[in-house]
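A.B. asks: 3D model of this:
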Amino acid sequence: MKVAALLPGWGIATATLAEPGAIARAVAGQGPGLVFPMFMAGGWFTRVQIPARLAEAGADGWTVLEPFGCDPLLHDLCVTLVKEAGGDEVILAAHGSFKSEAPANVARRAATRIAETGARVVTGFIDQEPQLSKLTGFGAGAVCLPFFAAQGGHVGEDIPQDLTEAGFRGRILPPIGTDARVPAIIAAALVRGQPICSGACRMGAV
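C.D. replies: Presented below is the predicted three-dimensional model:
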């Protein structure tokens, strides 16, 4: 595991909420540690479900860190990726939510960082307004950066379909979470150990 290679002496494990019992197996026999949520924003999964799964597993004293998408270093990486792509027009594509503004606000913070470079940046969403399919007026030199942790259906299908509907002629970059520099960002978050209640993110080792 790439994060473990950057943190010699740490016990690093992974678990997914979608797999029953995964968190319980990851923490079994270990003392209090850190949980780094690989989510793009805080919400029900990070603030309710993860603590509930830890409690069910009898894992006392574990600290849930701020999720991946909230990390300022990740927002810096967004800036770097856009610069590397040579984009002066940017669509930051995010999931969004019809139920909460929290995911959109995180994406907008990342977009603000990109805009500080002088690029024209618009944040578009799959699940809220402004929707990606409605974003028009971008030239062939524009880039779309998916603000997603992994390659999946939204990135591989929904984003291209929505942008095609909008007449987008630019390039779609790989999702931010797949960049080779991400393990170092996660490792740094673990070392900082900022808990979720402070507004920042760490998985020490789940």
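A.B. asks: which SSE is immediately downstream of the lowest-mean-pLDDT helix or strand in the chain?
C.D. replies: Lowest by mean pLDDT, DSSP states H and E among the helices and strands of the chain is helix 153, with a mean of 84. Under the assignment DSSP states H and E, the closest C-terminal helix or strand after helix 153 is helix 159-166.
A.B. asks: what's that next one packed up against?
C.D. replies: Where contact means 3 or more Cβ pairs under 8 Å, 6 or more residues apart in numbering; DSSP states H and E, helix 159-166 is packed against strand 89-94, strand 143-146, strand 171-172. Bear in mind the C-beta positions are built from the backbone N, C-alpha and C, glycine included.
A.B. asks: I'd like the mean pLDDT over the last one, please.
C.D. replies: To tie it back to what came earlier, the one meant is strand 171-172. Mean pLDDT, strand 171-172: 97.
A.B. asks: ok, now which ones touch Gly124?
C.D. replies: Taking Cβ atoms under 8 Å, 6 or more residues apart in numbering, we find Gly124 in contact with Ile91, Leu92, Ala93, Ala94, Pro130, Gln131, Leu132, Lys134, Leu135, Asp162.
A.B. asks: contact partners for the residue nearest to the fourth one when sequence neighbours are not counted?
C.D. replies: Of all residues not flanking Ala94 in the chain, Ala107 sits nearest, at 3.7 Å (Cβ to Cβ, 6 or more residues apart in numbering). If a contact means Cβ under 8 Å, 6+ apart, then Ala107 has Met40, Ala41, Gly69, Leu92, Ala94, Gly96, Thr123, Phe125, Phe147 as its contacts.
A.B. asks: and the pLDDT at the residue lying farthest from the centre of the chain?
C.D. replies: Going by Cα atoms, centre = their mean, the residue of the chain most distant from its centre is Gly29, 29.0 Å out. What the model reports for Gly29 is a pLDDT of 88.
A.B. asks: can you check Met1 too?
C.D. replies: Reported pLDDT for Met1: 79.
A.B. asks: mind starting the numbering at 2 from now?
C.D. replies: Got it, first residue is 2 now, which makes that one Met2.
A.B. asks: what is the neighbour count of it?
C.D. replies: 10 (other Cβ atoms under 10 Å).
A.B. asks: again, but for Glu90
C.D. replies: So Glu90, with other Cβ under 10 Å, has 18 neighbours.
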